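[1] Predicted model follows, preceded by the sequence.
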Amino acid sequence: ATLRGVGEVVRYTYRLRPGAQAERALTAEWHRCRFLWNEAVHQQKSGSLPTFGKLSKLLTQVRSRSTWLRDGSQVAQQQTLRTFAQGLEHSFTMKGRGRPAFKARKNSLPSLEYTVRGFSLHDGRLVLAKGLSIPVVWSRALPSDPTSVRITRDALGCWYASFVVRRDAAPAPDATGGIGIDWGVAATATTTSREFDLPHLGCRKRCAAELARAQRKMARRHRKGQTQSNGYLWARREAAKLHKKAARQTQHDSRVWAKRVVDGHDLIAVEDFKPRFLAKSTMARKAADAAIGSAKRELIERGVRAGRKVVLVRPAYTTMTCSRCFARAKQPLELAERTFRCVDCGYTDGRDRNAARVILAVA
């Protein structure tokens, strides 16, 4: 959230390098928090409405009887119950939010949250409650003292610390004019100006040869109906690393492009395109590589934080409408037709470029 004249509250994420003992302690803490979460889910399903106040009282009672829970941090356990209570409240007030679900041991990734009472920074290390000290890879300096930290682990076993800090909002450069953005697959984003287009860079295609080798290793070492060997697990980890590398490259390219667009325009008209249906089509792999949803979210967030006017435009009929005379074609264009031709005024342009100009005009 941006507060003009005060600053903005953001998250700074860093890589953690916990040792074997610290990693075991983090995993044990996660199991305690997961147990409390699942107990809260059970209470909600049994008919009671577990508010944060009720859950906090129950936590105090249970900790007095359980040595296992007392061995963990009370701050992390309280934050787990607070997150559950907020999620339960949002499920009643926000459209599309479901009830908090059960977290299984095999499928859920660790996530711990600490307030200022539960952590400190000392000599470049993150010191958590119960004296747990973890080295941090400081890729950049924190702009202010953090108010909370979230410890997470991804599917590859890498640990991260996400600090909530306040920083001074950098003034956005002066900009005039608007830009319309149409999402696609041939090009991830086509705009009204060619210099701001986001081409489909195909980051996964660059890793295709290495990924194919890793997947063939997985296929050779897979044991049907048996416990998988360490060789299979190693090959699966290598394939996951390549997927993550490609995803990071795509995310970086989207962030650089979104900054260029936001810095150069005062009005940003964005097609409110939901690429979910592409996952069921023949373009699923290419659409997933383009990460249209991630690029759209990054563009909107940066535009709002910079104080730009961001307008979401419904995609209906934008491809069938002429951007010069605004006459609508009687027949929708087939996906293979990449050139738009207006029957009324004779205007001809690229299909996506014409749609981007229509989106800007509607905004």
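    Nice, I can see it.

[2] and Ser193, what does it touch?
    The contact partners of Ser193, taken as CB atoms under 8 Å, 6 or more residues apart in numbering, are Ile179. Heads up, the C-betas are built off the backbone N, CA and C, glycines and all.

[3] now the strands: where do they sit in the stretch 201-350 of the chain?
    For the stretch 201-350 of the chain, applying DSSP state E, counting those that start in this stretch gives strands covering 267-271, 309-313, 339-341, 348-350.

[4] Quick one: distance of the third one to the chain centre.
    With CA atoms, centre = their mean, to the nearest Å as the basis, strand 339-341 stands 36 Å off its chain's centre.

[5] where does this structure dip in pLDDT?
    1-6, 282 (pLDDT under 70).

[6] Where do the domain boundaries of it fall?
    According to the TED database, the chain comprises the domains 7-168, 178-199+249-313.

[7] Including distance to Lys330, could the ones you listed go into TSV?
    Formatted as TSV, those follow (distance: least, CB to CB, whole Å):
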stretch	distance to Lys330
domain 7-168	36
domain 178-199+249-313	21
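
[8] Burial-wise, tell me which of these comes out on top.
    Stretch with highest mean neighbour count among the domains of the chain: domain 178-199+249-313 (a mean of 18; mean count of other CB atoms under 10 Å).

[9] quick one: the residue lying closest to Val262 once chain neighbours are set aside from Thr51, how far?
    Leaving out its chain neighbours, the residue that sits closest to Val262 by CB to CB, 6 or more residues apart in numbering is Arg302, at 4.7 Å. Distance from Arg302 to Thr51, counting by CB to CB, to the nearest Å: 36 Å.

[10] Same check on Thr227?
    Per CB to CB, Thr227 is found 43 Å from Thr51.

[11] What of Ala208?
    51 Å.

[12] likewise Leu126?
    31 Å.

[13] do the same with Gly303
    In this view, Gly303 and Thr51 are 37 Å apart by CB to CB.

[14] Could you list every helix and strand that the longest helix seen in the chain packs against?
    Identified as the longest helix of the chain according to DSSP state H is helix 230-264. Packing partners of helix 230-264 (3 or more CB pairs under 8 Å, 6 or more residues apart in numbering; DSSP states H and E): strand 178-183, strand 187-191, strand 198-199, helix 203-206, helix 208-221, helix 284-290, helix 292-305.

[15] could the ones you listed be laid out in TSV, adding distance to Tyr317?
    Shown next, in TSV, are the helices and strands packed on helix 230-264 (distance: least, CB to CB, whole Å):
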stretch	distance to Tyr317
strand 178-183	13
strand 187-191	17
strand 198-199	23
helix 203-206	33
helix 208-221	37
helix 284-290	22
helix 292-305	20
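
[16] right, and those - which one's nearest Pro171?
    The closest of these to Pro171 is helix 292-305. By CB to CB, the value is 11.5 Å.

[17] roughly how far out does that closest one sit from the chain middle?
    That offset, for helix 292-305, works out to 11 Å (CA atoms, centre = their mean).

[18] first to last residue in stretch 312-322, what's the distance?
    Chord length of stretch 312-322, first to last residue, is 19 Å (CA to CA, to the nearest Å).

[19] Just the buried residues of that stretch, please?
    For stretch 312-322, a neighbour-count test (16 or more other CB atoms under 10 Å) marks Val313, Pro315, Thr318, Thr319, Met320, Thr321, Cys322 as buried.

[20] List of residues touching that stretch?
    Here stretch 312-322 has contacts from 180, 182, 269-273, 300, 327-329, 332-333, 340, 342, 344-345, 347, 351, 354-355, 358-359, 362-363, using CB under 8 Å, 6+ apart.

[21] just checking, which of those residues belong to helices?
    Those of those lying in helices (DSSP H): Ile300, Arg351, Asn354, Ala355, Val358, Ile359, Val362.

[22] before we move on, back to that, residues contacting the residue nearest to Val262?
    Contacts of Arg302 (CB under 8 Å, 6+ apart): Ala258, Lys259, Val262.

[23] cool, Val75 as well?
    Here Val75 is in contact with Tyr114, Thr115, Arg117, Gly118, Ala129 (criterion: CB under 8 Å, 6+ apart).

[24] Go ahead and flag the most central residue of this structure.
    Geometric centre of the chain, nearest residue: Ser294, 7.0 Å, by CA atoms, centre = their mean.

[25] Isn't it up against Arg255?
    No: assessed by CB atoms under 8 Å, Ser294 is found out of contact with Arg255, at 9.4 Å.

[26] Go ahead and confirm Arg82 touches Phe52.
    Yes: with contact defined as CB under 8 Å, Arg82 counts as touching Phe52 (5.5 Å).

[27] quick one, what contacts the nearest residue to Arg341 once chain neighbours are set aside?
    Ranked by CB to CB, 6+ apart and with sequence neighbours excluded, the top spatial neighbour of Arg341 is Thr348, at 5.1 Å. By CB under 8 Å, 6+ apart, the contact list for Thr348 reads Thr339, Phe340, Arg341, Cys342.

[28] thinking again about what came up before, and Asn107, which of the helices and strands packed on helix 230-264 is closest to it?
    helix 208-221 (19.9 Å).

[29] Quick one: work out the angle between the closest one and helix 230-264.
    If you take axes from the mean of the first three to the mean of the last three CA atoms, to 10 degrees, helix 208-221 sits at 150 degrees to helix 230-264.

[30] right, and the strands of the stretch 201-350 of the chain - which one's nearest Ile134?
    Counting by CB to CB, and looking across all of these, nearest comes strand 309-313 at 38.5 Å.

[31] Let's see stretch 149-161 as PDB, backbone CA atoms only.
    This file holds the C-alpha atoms of stretch 149-161, laid out as PDB (Å, rounded to 0.1, in the frame of the first residue of the first chain):
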ATOM      1  CA  VAL A 149       9.300 -11.500   8.900                       C
ATOM      2  CA  ARG A 150       7.900 -14.500   7.100                       C
ATOM      3  CA  ILE A 151      10.100 -17.600   6.700                       C
ATOM      4  CA  THR A 152       9.200 -19.800   3.800                       C
ATOM      5  CA  ARG A 153      10.600 -22.800   1.900                       C
ATOM      6  CA  ASP A 154      10.000 -23.600  -1.700                       C
ATOM      7  CA  ALA A 155       9.600 -27.000  -3.400                       C
ATOM      8  CA  LEU A 156      13.300 -27.200  -4.000                       C
ATOM      9  CA  GLY A 157      14.100 -26.900  -0.300                       C
ATOM     10  CA  CYS A 158      15.400 -23.300  -0.500                       C
ATOM     11  CA  TRP A 159      14.600 -21.100   2.500                       C
ATOM     12  CA  TYR A 160      13.700 -17.400   2.200                       C
ATOM     13  CA  ALA A 161      13.000 -14.500   4.600                       C
END
